[in-house]
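Asks: with the input below, show me the fold.
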Amino acid sequence: MQSPQRDIPFVLKTLTTSRNPADLRVAVNKFYTHDASLHHPFRIVEHGENSRQKILSMYEWYRIISPDTTSDVKVVSHDKKNCVVFADVTQHFHIRISPFKAVPSRYTIRIQLQERDKMFYIYSQEEFLHPIDWMNSVLPPLTPLVRLALVFFTSMGVVCSKIWVFSLLMWAKLFGIGSDIQRGQVKSGLTRLVQPEDQETVDVVQKTTQHGLSGGNANVEY
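Replies: Residues are numbered from 1 along each chain as shown. All right, here's what the predicted structure looks like:
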């Protein structure tokens, strides 16, 4: 490749949509280094002597199980300083024997390039896929279940964070840390242990604790 920013869309489309084995073989041998690596959610090829042939085999199998794959490269960003290319790709991957309609899946691809004789070659390729897009590629009807599971885990994270803040504040009240808070010795440490959105709750508890201590002292003096 002479211009990765310009050529990468063509390269990625050729690799995933070629129906002719000869065209695919030419593309892999032309654009990859002989010791290139490929990391994908469904397969992995590490750097090694002539690992390019393993990458070719992976793409050939890819073509066999999904001959009608389509790819649309949305965005390409070339970091010239680090010789890295990022691409945002939308792909319709349909397994040959699957009775379900193909659903678009979004990939983010990171490509490390090597420059040789003013030409750029793919040295390593990493493809990242969200769990929802992963299920869209494999079994689309189960995608709503994956989304529901992610929503559930998010809700659990929110609840656990609130329980942590509540437990921290209860510990502060039960174990006599209120007097230290009143003197300003623990406030900074307590602030670091909670999220910014929970700071209002901490301030309320601190004021309540201080008020309770002041009232208690007044009762003793009386």
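Asks: where does pLDDT dip in this structure?
Replies: Flagging of the chain using pLDDT under 70 yields the residue ranges 175-222.
Asks: mind listing the helices for it?
Replies: With DSSP state H, the ranges of helices along the chain come out as 4-17, 21-31, 52-65, 131-138, 143-174, 178-182, 187-192, 199-221.
Asks: Val103: what's it in contact with?
Replies: Going by CB atoms under 8 Å, 6 or more residues apart in numbering, Val103 touches His92, Asn136, Ser137, Pro140, Thr143. In this view, the C-beta of every residue, glycine as well, is placed from N, C-alpha and C.
Asks: tell me the one of those residues nearest Tyr59?
Replies: Lowest distance from Tyr59 to the contacts of Val103 (CB to CB) belongs to Ser137, with 15.6 Å.
Asks: next up, the contacts around that closest one.
Replies: If you count contacts by CB under 8 Å, 6+ apart, then Ser137 has Gln91, Phe93, Val103, Ser105, Leu129 around it.
Asks: at 7 Å instead, please
Replies: Phe93, Ser105 (CB atoms under 7 Å, 6 or more residues apart in numbering).
Asks: and for the one 10 residues further on?
Replies: Taking CB under 7 Å, 6+ apart as the criterion, Arg147 is in contact with Ile132.
Asks: gap between it and Glu127?
Replies: With distances taken as CB to CB, to the nearest Å, Arg147 is found 21 Å from Glu127.
Asks: likewise for Ile65?
Replies: Counting by CB to CB, the gap between Ile65 and Glu127 amounts to 16 Å.
Asks: out of these two, which sits in the more crowded spot?
Replies: Glu127 (19 against 13; other CB atoms under 10 Å).
Asks: now for the chain: which strand has the highest residue count?
Replies: Of all the segments assigned as strand in the chain under DSSP state E, the longest by residue count is strand 104-116.
Asks: that one packs against which elements?
Replies: For strand 104-116, the helices and strands in contact under the criterion 3 or more CB pairs under 7 Å, 6 or more residues apart in numbering; DSSP states H and E are strand 84-92, strand 119-129, helix 131-138.
Asks: let's see it at 8 Å
Replies: Under the contact criterion of 3 or more CB pairs under 8 Å, 6 or more residues apart in numbering; DSSP states H and E, strand 104-116 touches helix 4-17, strand 84-92, strand 119-129, helix 131-138.
Asks: residues of the last one that come out buried?
Replies: Going by neighbour count (16 or more other CB atoms under 10 Å), the buried part of helix 131-138 is Asp133, Met135, Asn136, Ser137, Val138.
Asks: how many residues are close by the nearest residue to the first one once chain neighbours are set aside?
Replies: In space, not counting the residues next to it along the chain, Asp133 is nearest to Ser105; the distance is 4.0 Å by CB to CB, 6 or more residues apart in numbering. Burial of Ser105, expressed as a neighbour count using other CB under 10 Å, amounts to 21.
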